[in-house]
Each structure stands twice: as C-alpha cells, then as structure tokens.
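J.: sequence unavailable; structure follows:
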Ligand code: FES
C-alpha cells in the first residue's frame, strides 16, 4: 500500500462496528468526526460540532436518513445541511446552517475518511479481512512511521492500520489474513491484547528514559 495513499485516507472504523442507523466518534489526527450510517446504509462523516450551540454530533442519534443532535434535536443530512429544527417545524433551515462534511469510502470492511480532496481511491487491502479495532495508550510514532505495520500474531499474518490520535493515544485497526479460520481469528484477537500491552510498556520505558 503506497504511503501516499495512506496519507490521503484515514482508516476510522471497521464496517461491522457501524450498523445502519448508528453514529460513532471517528478519531483522526485532526480531531474527532461524527461518523454515521443512515437507516438505508449511507455513510457520512461530519464535523463533530453542531452548528447550533456546539454539542458533539457524535452524541446524537440517527433517524431514517438524518443525524439529529442530542441537545435541541436539529437534524442534518448527508451533505451536513440542516434539514429540520424541531422548535420551528414550519421553517426551511437556511443553507448557511451546515456541518462540514468529509469524503468517505468503505472498502473490504474498512471505513476511510479523506480530510482533504483525495488524489486516489481508498486502499483495497486485498488478502486481508477486518478483525477488530484497539485503542493503545502510546504514541503512534513508536509503532510505525507510515501508518501501517505488518506483523505476525499467533502465527498468522496481520496488517495493522495505525492512526495517531495524540502523543499518548493511538487506534489500531487489526486486519487478518483473509484465509484465516475462526479459531485463528480468536487467537489473533487475544494476541492483539498482548501486543497492545507490549506497545504500552515500550511507551512507558520511552517516557522514563
Ligand atoms: S446544540 Fe445541537 S441542536 Fe442545539
């Protein structure tokens, strides 16, 4: 996977963790986005700040094809445009009431977001299938400089998509050899916990040195 492609696209979640009609906070190096999937399955990433009074949209809820803010219930569509203001049901919300939106792509069970205009399509990651996502209390720079790492866990080939969130927090999306059995998946999932602990201990040693 070319490093340039990884710079264009940030892996933010695994498809299996975002069923229809749900919203989740998506961590990127530039902050959190409200990542949501409509009832019909459409994917959207919006700035995690309601244009009304700044409540986090990732705390909101999805009804049909819109994301509603938990505070006063203003709802937003796939472009980020405000669609409805419950306190003024007759009003068509002005076009200026809009949350910033970002391009998303979903490939092989991984959800990607482009913070700027992407120069290429999101990576295909052929030969791997998604397993789980892990949050580590460690600086991503201690794990990889390129945004990905290929290792073996429990004797199985694993691809890690790494996203640095802060100096002390990293998200790793774990993908496993596409041919891995269910037993392998369970073993790798457990081994990934051990890998997380090793990384965090390494991080503590770095801090102490
Ligand atoms: S802060 Fe979101 S609707 Fe008021």
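T.: Thanks, I have the structure now. These figures come from a predicted structure and were not determined experimentally.
J.: interface residues of this structure facing the ligand?
T.: In this structure, the chain approaches the ligand at residues 50, 52-53, 55, 69, 71-74, judged by Cβ under 6 Å from any ligand atom. C-betas here are computed from N, CA, C, even on glycine.
J.: farthest pair in those?
T.: 53 and 73 (12.0 Å; Cβ to Cβ).
J.: the two: which is more packed in?
T.: For residue 53 versus residue 73, the count of surrounding residues by other Cβ atoms under 10 Å is larger for residue 73: 15 against 10.
J.: may I have the secondary structure class of that one?
T.: Here residue 73 is recorded as coil under DSSP: H, G, I helix; E, B strand; the rest coil.
J.: got phi/psi on it?
T.: Residue 73 has phi and psi values of phi 80, psi 10 when expressed as degrees, to the nearest 10.
J.: that one contacts residue 86, doesn't it?
T.: Yes. Residue 73 is within contact range of residue 86, at 4.3 Å (criterion: Cβ atoms under 8 Å).
J.: circling back: would you mind giving the residues of the chain next to the ligand as TSV with pLDDT added?
T.: As requested, these are exported to TSV (pLDDT from 0 to 100):
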residue	pLDDT
50	98
52	98
53	97
55	98
69	98
71	98
72	98
73	98
74	98
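J.: and these, which of them are buried?
T.: 50, 55, 69, 74 (16 or more other Cβ atoms under 10 Å).
J.: of those, just say which sits nearest to residue 134.
T.: residue 55 (28.3 Å).
J.: need the contact list for the closest residue to that closest one other than its chain neighbours.
T.: In space, residue 55 comes closest to residue 71 once its chain neighbours are excluded; the distance is 4.1 Å by Cβ to Cβ, 6 or more residues apart in numbering. Contact analysis of residue 71 by Cβ atoms under 8 Å, 6 or more residues apart in numbering lists 50, 52-53, 55.
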